[in-house]
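**Student:** missing the sequence, but the structure's below:
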């Protein structure tokens, strides 16, 4: 229809586009992305209280262990985060290993006070502060080991979330449940901090772990975000949109974590957790009322069979008695209603069985025969991923190690921000140089990442020098690359429609392994905290070394796989994703 063109604002400029109009269109596109960044705002509501509480979250259970479990006076417990005293604890710890006399120890305390200009009142509790830090950490590690098996509750969410979300086309619960879990988790911390001397640390530690596991946590939240992004963007825009979210995710931690120190010192526990409650509550309201459920994609209606069409065109059909026709329609509607009711009851009865079947079917992807040793490559990759998952326990004890071995209190807020920034820079280097320019294969990227960590972690385990710590962290700039490269490598050896199942298995592996590795790392650190607290870093190095050696074999298998693929025509008939990036990773 010719008149319809007048409603199209861009149609009049198609014949003679100007540079200004093109720029306007591009700015309009950027503005549309900014206004449509609903998922980024959801992430802000979810992650802001975590980043801004990065000092208070690990410190609160230590102070409560000091006051309630160990029954030390308040002037000792409130100095657990005294930077001057904690830095002196490193010197005292080294001094005590030399078996000096009590008089020599008193002289050391006085010398520390003079050099660091520590007030005499604080100096009087210095020895107790150093001792309580170690004992409080031991109590916290014991609780961490006992509560770790509660992490298996997350399997319930993993089994049910995906199938139920797909069946009923509900994605908002993927966002709302984790947000509510964080809300109740911060509420537990708020109650525990408000009743500082009466409610033990076990209250918020156990409640937080249970609520986080049952609500899906960060994994389910990310699943929901990427489901929304995939459903609301075109295929051409999707990569860019995912990239925008990833940059925002990294930038959020880089910007907010350095603010944790002044905010904690200014607000204190109660006000800081109250702020977290308000932010999470705003997140729940935002998801409920401002995030629309993804509309279900209706399948195209099937054309009527020819027999039905011919019946309608048949003159004899029009001469049929209307009452008879009406009764037939009523009978059909009753039958259809009964059938729908039976189907609904069947669905309700079998939904759990269906979810379990889908859960088990994810593992059947490893039974499919694949050409050119692709199945062997896949099994080795998953086995290595299982080993790498065992190193996740390092993160749970790393913050305690920084307090005990390095004498840090608030310094790790900036350190964590720097570590995130370095990881982001490493990802950019991999993308721009190692992949785009040098065309390195995915197994090589994994080996580079592991090699950097193998060099850096022993340094972190034994050094106490501020600059050496940051140097070791800089060496580990490719740390996050290995997971990206592993996922990219998997996408090269399995079909596109199988990726979801393989990635689901990887999530299941992490869920199964994390409680076990938490117990192991907490136990090892607790046993070595007084002698060699950095031993757990060498455990991680051992795991990485094994995977590094195995990836030599993976690299040779992948090179053979690529050569065979190049000899053949695009192998879509074999179920292999023959994309142009079969050898290198588009991170």
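**Tutor:** Happy to help now that I have it. In this text, all values refer to a predicted model and were calculated from it rather than measured experimentally. Residues are numbered from 1 along each chain as shown.
**Student:** Quick one, grab the pLDDT at the closest residue to residue 476 other than its chain neighbours.
**Tutor:** Taking Cβ to Cβ, 6 or more residues apart in numbering, and ignoring the residues beside it in sequence, residue 476 has residue 456 as its nearest neighbour in space, at 4.0 Å. C-beta coordinates here come from the backbone N, C-alpha and C atoms, glycine included. Looking at residue 456, its pLDDT is 96.
**Student:** Same question for the one 10 residues further on.
**Tutor:** pLDDT recorded at residue 466 is 90.
**Student:** swap in residue 142?
**Tutor:** pLDDT recorded at residue 142 is 95.
**Student:** That one: neighbour count?
**Tutor:** Close neighbours of residue 142, defined as other Cβ atoms under 10 Å, add up to 14.
**Student:** still on that earlier bit, hmm, residue 470 and the residue nearest to residue 476 touching each other?
**Tutor:** No. In this structure residue 456 lies outside contact range of residue 470 using Cβ atoms under 8 Å: 10.9 Å.
**Student:** Which residue of these two possesses the greater neighbour count?
**Tutor:** Using other Cβ under 10 Å, the more surrounded residue of residue 456 and residue 470 is residue 456, with 20 against 14.
**Student:** just how off-centre is the helix or strand hosting residue 400 within its chain?
**Tutor:** If you go by DSSP states H and E, residue 400 is part of helix 394-405. Remark: helix 394-405 is offset 20 Å from the chain centroid, using Cα atoms, centre = their mean, to the nearest Å.
**Student:** Quick check: buried residues in stretch 78-85?
**Tutor:** 79, 80, 81, 82, 84, 85 (16 or more other Cβ atoms under 10 Å).
**Student:** residue contacts, residue 544?
**Tutor:** 388, 391, 450, 453, 454, 457 (Cβ atoms under 8 Å, 6 or more residues apart in numbering).
**Student:** Quick one: list the elements packing against the helix or strand in which the third one is found.
**Tutor:** It stands for residue 450. Per DSSP H and E: residue 450 is located in helix 442-462. Packed against helix 442-462, as judged by 3 or more Cβ pairs under 8 Å, 6 or more residues apart in numbering; DSSP states H and E, are the following elements: helix 466-475, helix 481-493, helix 535-567.
**Student:** And residue 398, what's its pLDDT?
**Tutor:** On the pLDDT scale, residue 398 is placed at 93.
**Student:** From residue 540, how far off is it?
**Tutor:** 10 Å (Cβ to Cβ, to the nearest Å).
**Student:** same deal with residue 558?
**Tutor:** 25 Å.
**Student:** Contact partners for the closest residue to residue 550 other than its chain neighbours?
**Tutor:** Nearest residue to residue 550 in three dimensions, chain neighbours excluded: residue 384, at 5.6 Å (Cβ to Cβ, 6+ apart). Neighbouring residues of residue 384 by Cβ under 8 Å, 6+ apart: 486, 547, 550, 551, 554.
**Student:** Next up, the contacts around the second one.
**Tutor:** With contacts defined as Cβ under 8 Å, 6+ apart, the neighbours of residue 547 are 384, 387, 388, 446, 450.
**Student:** So how do I select the buried members of the contacts of residue 384 in PyMOL?
**Tutor:** Selection of buried members from the contacts of residue 384 for PyMOL, criterion 16+ other Cβ under 10 Å:
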select buried, resi 486+547+550+551+554
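**Student:** Farthest pair within the contacts of residue 384?
**Tutor:** Greatest spatial distance among those (Cβ to Cβ): 486 and 550, at 12.1 Å.
**Student:** Next up, phi/psi of residue 531, please.
**Tutor:** Backbone geometry at residue 531, expressed as degrees, to the nearest 10, gives phi -110, psi -60.
**Student:** Can you report how many residues neighbour it?
**Tutor:** By other Cβ under 10 Å, 8 other residues sit near residue 531.
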